[in-house]
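Participant: Need the 3D shape of this:
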Amino acid sequence: MFKINFHNLREYFKIAVKSLVTRKVRSWLTIIGIVIGVFLVVSLLSLSEGLKNAVMQQLGKMGKDLITVVPGDASNIMTSMQGGAKLTNEDLKLMEKTKGVGVVIPMNYSAVTARYKDEKKTVLIYGNDWKESLDIFKNDMGWSLSSGKWPISGKNEVLLGSIAATEIFPGIKINDYLVINGKKYTVVGILNSVGAKDDDSMVSVDLEIFRSLTGDRTGAKAAFLKIKTGYSPDEVVEYLKKSLEENRKRKIGQEADASSFTILTSEKLSDIVGNVMGMIQAVIIGFASIAIIVGGVGIMNTMYTSVRERTKEIGIMKAIGAKNRTITTIFLIESGIFGMLGGIGGTFLGMVFAKGIEIYFQIHPLFYLKADVGPVLILFSIGFSFIIGCVSGYFPARSASKLKPVDALRYE
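Facilitator: Next up, the predicted model:
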């Protein structure tokens with residue numbers, strides 16, 4: 001029985017393929033509709049998943065005992081920081097006194113013009129308290145030297161990110177000088193890539209030197225806090241919230257504004273990034289699925305046209321004993337082939353496009369991105385497009401199977 005069914009399916013497949021080959025132009029146009037949708041799914045999902053993995057990898061380098069405090073509401077952190085919002089000196093001192101906090105590292109940065117030999121470039125300069133923060137940068141944030149040594153607190157020494165040393169100031173070496181605001185600063189160290197363009201493009205100096213260069217002597221744009229041994233991050237977050245809110249309440253004489261600062265653990269940051277990327281991926285799937293469904297409508301239209309053109313052929317098959325399910329199966333196989341070929345083509349083009357984007361960002365690292373094209377995504381894309389093809393062909397196939405032999409043979 002199995003052999004008979006297998007033989008029948010093989011014959012049905014031959015008939016379906018013959019129909020596709022006979023109508024080449026229409027077949028290719030129908031397949032292209034599915035290719036476009038699957039291409040969008042594979043390329044955008046692989047790139048978004050790769051971006052998510054890159055960000056999560058960077059967050060994973062942060063120690064579990066680090067807390068980030070930034071000004072502004074959690075839903076609008078970047079706008080608050082770029083708009084000039086700052087943590088005050090009083091905020092920083094309160095953090096240092098908070099139970100469970102070991103070290104507070106103020107983070108300050110500003111755009112300045114630096115000159116190397118005869119070439120001037122605008123760079124992002126970071127002010128770091130090397131005495132307090134160096135161990136945290138090395139042990140908790142994954143900084144490592146490509147060459148040279150770490151700067152010494154209080155000296156006119158600079159540390160360059162990997163992009164700053166290779167692209168912004170190509171050819172610069174250890175013991176060369178950068179001139180900033182008319183003063184010479186010795187390049188003592190060059191970092192390995194830390195995985196983000198902003199960080200890799202930085203020029204880092206001692207915090208006091210940063211303040212003298214920029215005139216920005218108070219507060220900080222953000223702060224990293226190292227938790228003391230024996231305290232949990234969530235526990236210290238609650239202590240910080242209570243301390244900062246009580247201070248603001250005393251200062252302004254009313255209830256503290258909860259949106260005036262945001263306290264994030266590395267776990268919380270990972271959750272936020274995961275949720276945001278999940279929403280982006282859901283939107284991508286939604287829009288790409290619409291494109292695939294439109295392709296499915298194209299398959300349905302093609303199959304209805306095919307049924308009309310092959311009415312006499314259907315009548316002949318029925319006259320010699322073909323059953324309704326035979327006709328249905330032949331047309332379903334044909335529409336399924338449309339979907340599967342579209343899925344294979346779209347998956348291949350999506351993979352090529354995603355890998356091309358990955359290679360581009362390796363050469364021009366705006367940020368570090370690796371396309372994540374896994375077997376699950378490939379199988380899902382091909383399988384989903386095949387199912388869409390079969391579903392789209394069901395009603396035309398059902399319509400063909402219900403044709404009466406006598407009417408079909410007389411059809412002009």
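
Participant: what about the strands in the stretch 151-300 of the chain?
Facilitator: Using DSSP state E, counting those that start in this stretch, the strands of the stretch 151-300 of the chain run over residues 157-160, 177-180, 183-191, 203-206, 222-227, 261-265.

Participant: and the closest residue to residue 387 other than its chain neighbours, what helix or strand is that in?
Facilitator: In space, and not counting its chain neighbours, residue 387 is closest to residue 339: 7.1 Å by C-beta to C-beta, 6 or more residues apart in numbering. For the C-beta atoms, the positions are set from N, CA and C on the backbone; glycine is no exception. Using DSSP states H and E, residue 339 sits in helix 324-363.

Participant: Could you pull up the mean pLDDT of that helix?
Facilitator: What helix 324-363 shows for mean pLDDT is 85.

Participant: And stretch 275-293, by the same measure?
Facilitator: Here the average pLDDT along stretch 275-293 is 80.

Participant: for stretch 196-211, same thing?
Facilitator: 85.

Participant: Buried residues of it, list them for me.
Facilitator: 196-197, 199-207, 209-210 (16 or more other C-beta atoms under 10 Å).

Participant: Relative to residue 168, which of those residues is nearest.
Facilitator: Residue 168 lies nearest to residue 201 out of those, by C-beta to C-beta, at 6.3 Å.

Participant: Can you name the residues that contact that closest one?
Facilitator: 123-124, 161, 163-164, 167-168 (C-beta atoms under 8 Å, 6 or more residues apart in numbering).

Participant: Can you add pLDDT and give those back as TSV?
Facilitator: Compiled in TSV, the contacts of residue 201 are given as follows (pLDDT from 0 to 100):
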residue	pLDDT
123	88
124	88
161	89
163	87
164	88
167	86
168	89
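
Participant: Can you flag which of those residues belong to helices?
Facilitator: residue 163 (DSSP state H).

Participant: Can you name the two of the contacts of residue 201 that sit furthest apart?
Facilitator: Longest span within the contacts of residue 201, C-beta to C-beta: 124 and 167, 13.5 Å.

Participant: Next, work out how far apart the closest residue to residue 291 other than its chain neighbours and residue 314 are.
Facilitator: Counting by C-beta to C-beta, 6+ apart, residue 291 lies nearest to residue 37, which is 3.5 Å off, once chain neighbours are set aside. Relative to residue 314, residue 37 is positioned 30 Å away (C-beta to C-beta, to the nearest Å).

Participant: Which one of the two is surrounded by more residues?
Facilitator: residue 37 (26 against 22; other C-beta atoms under 10 Å).

Participant: thinking again about what came up before, tell me the buried residues within the contacts of residue 201.
Facilitator: Buried among the contacts of residue 201 (16+ other C-beta under 10 Å): 123-124, 161, 163-164, 168.

Participant: Specify which member of those is nearest to residue 276.
Facilitator: residue 124 (24.0 Å).

Participant: So the closest one sits against residue 113, correct?
Facilitator: No: using C-beta atoms under 8 Å as the test, residue 124 is too far from residue 113 to be in contact (11.5 Å).

Participant: would CSV of the buried residues of stretch 196-211 with distance to residue 395 be doable?
Facilitator: Converted to CSV, these look like this (distance: C-beta to C-beta, whole Å):
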residue, distance to residue 395
196, 52
197, 52
199, 56
200, 56
201, 57
202, 61
203, 65
204, 66
205, 70
206, 73
207, 71
209, 74
210, 70
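
Participant: Could you identify the longest helix within this protein?
Facilitator: Under DSSP H, the chain gives helix 266-309 as its longest helix.

Participant: Against which helices or strands is that helix packed?
Facilitator: helix 24-61, strand 66-71, helix 324-363, helix 375-401 (3 or more C-beta pairs under 8 Å, 6 or more residues apart in numbering; DSSP states H and E).

Participant: between that helix and helix 324-363, how many degrees?
Facilitator: If you take axes from the mean of the first three to the mean of the last three C-alpha atoms, to 10 degrees, helix 266-309 sits at 140 degrees to helix 324-363.

Participant: So what's the residue count around residue 362?
Facilitator: 11.

Participant: er, residue 377 actually
Facilitator: 19.

Participant: wait, it sits on residue 46?
Facilitator: Yes: in this structure residue 377 lies within contact range of residue 46 using C-beta under 8 Å: 6.3 Å.
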